[in-house]
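Peer 1: Sequence and predicted structure are below.
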Amino acid sequence: MGRQAEANAVVPLAPRDGVAPSYLWLPDGRWDGMLAFLVERFPDVDAEAWRARMARGDVVDGAGKPLGPGSPVRRGARIWYYRELAFETPIPFEVEILYRDEHLLVVDKPHFLPVIPSGRFLHQSALVRLKKSTGLAHLTPIHRLDRETAGVLIFSHNPASRGVYQSLFQKREIGKVYEALAAPLAGVSLPHVRRSRMVEGTPFFRMREVEGEPNSETLIEAIEARGEAVLYRLRPHTGRQHQLRVHMSALGAPIINDAFYPLALPCKGDDFTRPLQLLARSIGFTDPLTGQPRFFESARRLGGA
């Protein structure tokens, strides 16, 4: 199925409490029914939990027909289900709405809050919180922002115009400005342009620089001294995962409270008193529908949560 056809496919389960249903395509293999497959595929969810979901009709095929423990596993079929978590760590910071029209919702995201459900977060995500508070069923983020990063984040809630706004990011027609607190850069004249080739590293969630043609670029400027640190203005020309964090670390000034760079620290849970000192300060662009300039700026300030 092509991407457009898949996007237009009918979803047999309605969103529940702000959470859209998840789906997966069934692989080739031999299992003694759907329950055996799901237990193997999701080892953190026990059989009784899946039995309970099936009994409620929360696991269905592409036509919306409820699946039971003994339902056959047919390669290439798609099943739908609701993702559930036994426990989520509450994120004690709020998303602030900066702007809303018939196409876009622009918000000021706090540190620690993921943009979309992932891993150990479901309801504690910006997307689910905003779906609940606004009632916008078609809400979708049109760019990325790390969970650890705060600042301006743009959502689309109109499927008809979503593509034209997403294309702005794809064509790099968006002006993005970040701020970061880090140590003074020794031996580096500012402003400075950092270019490097970034690839996936180890562990899987980290990126690293390697030799080769650059695929990432950041303009780094100093704004002011903040005690023993410096407040930097960062202008990414590209949008690689963790690009700003990798570039600052590679220059010898990792962003304050970065638990991934230069070394991945052991996960001890979130310390809400020590947010990553990285902020998506502003986003500007020419609106593709009206031709008017748009500019959105965070009200947050680095140095606290």
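Peer 2: Ah, there it is.
Peer 1: OK, contacts around the nearest residue to His192 once chain neighbours are set aside?
Peer 2: Once flanking residues are discounted, His192 sits nearest to Ile220: 4.8 Å by C-beta to C-beta, 6 or more residues apart in numbering. Backbone N, C-alpha and C define where each C-beta goes, glycine included. Ile220 sits next to 185, 188, 190-194, 232-234, 247-248, 251 when contact means C-beta atoms under 8 Å, 6 or more residues apart in numbering.
Peer 1: how about Ile220, phi and psi?
Peer 2: Phi and psi for Ile220, reported as degrees, to the nearest 10, are phi -120, psi 130.
Peer 1: That one and Arg197, how far apart?
Peer 2: Here Ile220 is placed at a distance of 18 Å from Arg197 (C-beta to C-beta, to the nearest Å).
Peer 1: And for Pro214?
Peer 2: From Pro214 to Arg197 the distance is 5 Å (C-beta to C-beta).
Peer 1: Centroid-nearest residue for the protein?
Peer 2: Centroid-nearest residue in the chain: Val115, 4.4 Å away (criterion: C-alpha atoms, centre = their mean).
Peer 1: shouldn't that residue be in contact with Thr140?
Peer 2: No - applying C-beta atoms under 8 Å, one finds Val115 not in contact with Thr140, separated by 10.3 Å.
Peer 1: Give the intersection of the neighbour lists for the two.
Peer 2: With C-beta under 8 Å, 6+ apart, Val115 and Thr140 have common neighbours Leu127.
Peer 1: How about Val177: which residues does it bridge to?
Peer 2: Ser282 (DSSP bridges).
Peer 1: what residue ranges in this structure score low on pLDDT?
Peer 2: The model of the chain has pLDDT under 70 over residues 1-9, 267-268, 304-305.
Peer 1: do that again at 90, thanks
Peer 2: 1-10, 15, 17-20, 44-45, 83-89, 118-121, 137, 202-205, 264-270, 303-305 (pLDDT under 90).
Peer 1: Let me see the ranges of the helices in it.
Peer 2: Assigned by DSSP state H, the chain shows helices spanning 3-8, 34-41, 47-55, 126-134, 159-170, 243-250.
Peer 1: any idea which of the ones you listed is most buried?
Peer 2: Most buried of these, by mean neighbour count (mean count of other C-beta atoms under 10 Å): helix 243-250, with a mean of 23.
Peer 1: packing partners for it?
Peer 2: Contact partners of helix 243-250 among helices and strands, from 3 or more C-beta pairs under 8 Å, 6 or more residues apart in numbering; DSSP states H and E: strand 175-182, strand 192-200, strand 207-210, strand 216-226, strand 229-236.
Peer 1: Quick check, Leu265 in contact with Ala259.
Peer 2: Yes - contact criterion C-beta under 8 Å: Leu265 and Ala259 qualify, at 4.6 Å.
Peer 1: Looking at these two, which is more packed in?
Peer 2: Shown here are Leu265 and Ala259; by other C-beta atoms under 10 Å, Ala259 has more neighbours (15 against 9).
Peer 1: mind listing what the more buried one touches?
Peer 2: Glu148, Leu265, Leu276.
Peer 1: Swap in 7 Å and give it another go.
Peer 2: Going by C-beta atoms under 7 Å, 6 or more residues apart in numbering, Ala259 touches Leu265.
Peer 1: Distance-wise, check it relative to Arg83.
Peer 2: Distance from Ala259 to Arg83, by C-beta to C-beta: 25 Å.
Peer 1: same check, this time on Leu122
Peer 2: On the measure of C-beta to C-beta, Leu122 and Arg83 end up 6 Å apart.
Peer 1: Show me which of those two is the more surrounded one.
Peer 2: Between Leu122 and Arg83, counted using other C-beta under 10 Å, the more crowded position is Leu122 (19 against 13).
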